[in-house]
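1. test case, fold it:
(chains A and B)
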Amino acid sequence: MQKVVERILNLLAFLLTTDRPVTAHEVRHTVAGYDRDNDEAFRRMFERDKDLLRSLGVPLATKATDAWEVETGYVVPNDEYGLLDPELDDDERVALLLARQAVLMGGTAEAFEPLLKLGGLPALASPEPFAANLALDDESIARVFEATTDRLVIAFGYRGVPRRVAPYGLVHRRGNWYVVGPEEGRDEVKAFRLDRVESDITVTTTPFLRPAGVKVSDAIPGAPWEAGGEDVEVVVLFEPELAWWAERRITDRASTETLADGGLRATIPVRNVDAFFAWMIDFADKAVIEGPQDIRSRFVDRVRGVQ
Amino acid sequence: MSSAKTVQRLFRILSMLPWVIANPGCTVREVVKRFDYSSPRQLANDLDLVFVCGLPGYGPGELMVAYIDDDEVVVELADYFSRPIRLTPPEALQLIGAGRAVLSSGAAPDALASAVEKLERMLFADVEQMLTIDLSEPPLLNELRSAVERSGVISITYTALGTGETTVRDIEPWQLQSALGNWYLTAWCRRAGAERVFRLDRIQSVEDVEGEASVERRTESVAVGYTPNAGETIATLRLGEKARWVSQYYPVDVVSDDDRGVVVRLSAYDPKVAAKLLIRLGSHVELLDGDRVSVARQELREQILSRYPEAAKS
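-> Just a heads-up that it's a prediction; the model follows:
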């Protein structure tokens, strides 16, 4: 390992101090540690080293070495390599580490590693009294996040339709991840649930402009059943035993009436009927859908397993 | 030597050098602690390695200088490594995401708010909040949080998810977790004489109880990887196209995946929880195996339909 680490440090030092693309040939004959006799051995070593550098976050790019584009070389643009110093103090570093330890985001990176780049840690404090699982499929979310910061349109399938969306932002709410933005050529800012995306998400090369003043979280519904198409007003009677729980969950878009026995009658605007049914099932026999009739019979069919 | 170890070592060297360069006069002890070296010896090994690297020519003027002088760490001729490598998008997402998550739970330290702000300003420059994390802070979270912190005893009024039964019980709260959109409290339940998990939105009220916690808190692994449905496999399901999302959303083992659907094994601590999921999925799921879940589904079905007299007719 010693030799590999030395060779890569030499390679990176060379790339960082050379402000033009350098060819593999030049690397082989200039940088200490490469095999100059065996072509295949050199090729394997160099491929491996490039991968290693990229996995560390080094922006290693390829570029033509001259205007005729006969040869390509490797370059690490100095302004892209280095971290702009966010000027964290040690209290802030500790707070970040504790947060990172409390939150499970998926992926393989050690909690501690990104913090090394930010100046390491002076001391440890007692951990947060809670843990959160953001149910994050690291790969696709990281890709969307990157497209968001690079301002590039992403493409994916959703509800049976291929879409191209300008990702204005990423939102996690109530256990779900959403990418928020307009479809290309449209104005309406919409939220797409990432776990409902039907294909791989690809990042295109089409740039977009993000208008000022967009608040991405506004596109996310206040309750799961408020997402999607048209409102249907559903009337539900909640039994006194669980009326308090219902009251906590419905948003102020609903109107409610407290009954003499402590029960609750609520008129709830529902857009996503599936999500609403899921919530109703949680109440078992402590709630009943009074109307409209077609929603009520769809619910009965759902419970019987015929729909 | 595995390449993961190589990456780790390079990562640390390339993070340590900029800090040492920016903090001349820093001590061995400081660097060892800050960059998580297991010993001064390990740091010395890294410095020895840096000492033989540098720019082509590789003579005294081209190699970096790195050594320990008395108690001081010295690095010279390494200006090209004076900045750490930029954060990759996944790294930035992890830090800011975790920071935002903790902030959204309320009662986070001020240092976290300023740290997240600084990182966002550095990464996004002109854009306001690109990443929003909302763990939807439930009522009572702060009371429970402080009860966990002071290892207190509390009495809760709780309605069980499975049975709908409401009970009052004394508990010793251990840890709060947010998973799959809900908050959970792990606690020692004095009524059950066992460890129990409570869903926060089902806790109707909380009251302090005199006295001190009597059972030692289970602390292993801080339970970050905790999933509320962990337990033995209790059902095997075939998910239709419209129920496919379940295989990504819940902790399941995928058995097979073909044009007839995805077959998964589901674990749950309570068959009633699985029964709810099945009813919710209606005709888009088929229960292939799991007697207890089948019984629970039938019971729940009858319970719900008792409120709908028209269901009995057809």
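
2. find the closest residue to chain A in the stretch 101-250 of chain B.
-> As assessed by Cβ to the nearest Cβ, chain A sits closest to B:Gly181 within the stretch 101-250 of chain B, at 2.3 Å. The C-beta positions use only the backbone N, C-alpha and C, and glycine is treated the same way.

3. that residue touches A:Asn176, doesn't it?
-> Yes. B:Gly181 lies in contact with A:Asn176 (Cβ atoms under 8 Å); the separation is 6.6 Å.

4. between those two, which one's more packed in?
-> Taking other Cβ atoms under 10 Å in any protein chain shown, B:Gly181 and A:Asn176 do not tie; A:Asn176 has more neighbours (19 against 16).

5. how far away is the more buried one from B:Trp245?
-> Applying Cβ to Cβ, to the nearest Å, the value for A:Asn176 to B:Trp245 is 10 Å.

6. any common contacting residues for these two?
-> Taking Cβ atoms under 8 Å, 6 or more residues apart in numbering or on different chains as the contact rule, A:Asn176 and B:Trp245 both touch A:Asp195.

7. how about the residue in chain A that chain B sits nearest to, nearest residue that isn't a chain neighbour?
-> Closest contact between chain A and chain B, by Cβ to the nearest Cβ, is at A:Gly175 (2.3 Å). Spatial nearest neighbour of A:Gly175, excluding adjacent residues (Cβ to Cβ, 6 or more residues apart in numbering or on different chains): B:Gly181 at 2.3 Å.

8. quick one, what contacts the one you found?
-> Counted by Cβ under 8 Å, 6+ apart, B:Gly181 has contacts A:173-176, B:136.

9. which members of those are classed as buried?
-> Neighbour-count burial (16 or more other Cβ atoms under 10 Å in any protein chain shown) applied to these gives A:173-176, B:136.

10. give me the lowest-pLDDT entry from those residues.
-> Taking these together, the minimum pLDDT is found at B:Ser136 (66).

11. may I ask you to confirm that A:Arg173 is in contact with A:Ile220?
-> Yes. Between A:Arg173 and A:Ile220 there is a contact under Cβ under 8 Å: 5.2 Å.

12. now the common contact residues for the two.
-> B:Asp134.

13. if we can go back for a sec, ok, now how distant is the residue of the stretch 101-250 of chain B closest to chain A from B:Gly290?
-> 25 Å.

14. just the helices in the stretch 201-314 of chain B please.
-> In the stretch 201-314 of chain B, the helices defined using DSSP state H, counting those that start in this stretch lie at B:246-249, B:271-281, B:291-305, B:310-313.

15. just say which of those is most tucked in.
-> When you average the neighbours per residue for each of the helices of the stretch 201-314 of chain B (mean count of other Cβ atoms under 10 Å in any protein chain shown), helix B:271-281 leads with a mean of 23.

16. that one packs against which elements?
-> Packed against helix B:271-281 by the contact rule (3 or more Cβ pairs under 8 Å, 6 or more residues apart in numbering or on different chains; DSSP states H and E) you find helix A:273-282, helix A:293-304, strand B:233-239, helix B:291-305.

17. what residues are up against the nearest residue in space to B:Glu210 that is not next to it in sequence?
-> Nearest non-adjacent residue to B:Glu210, counting by Cβ to Cβ, 6+ apart: B:Val153, 7.6 Å away. By Cβ under 8 Å, 6+ apart, the contact list for B:Val153 reads B:170-172, B:190, B:208-213.
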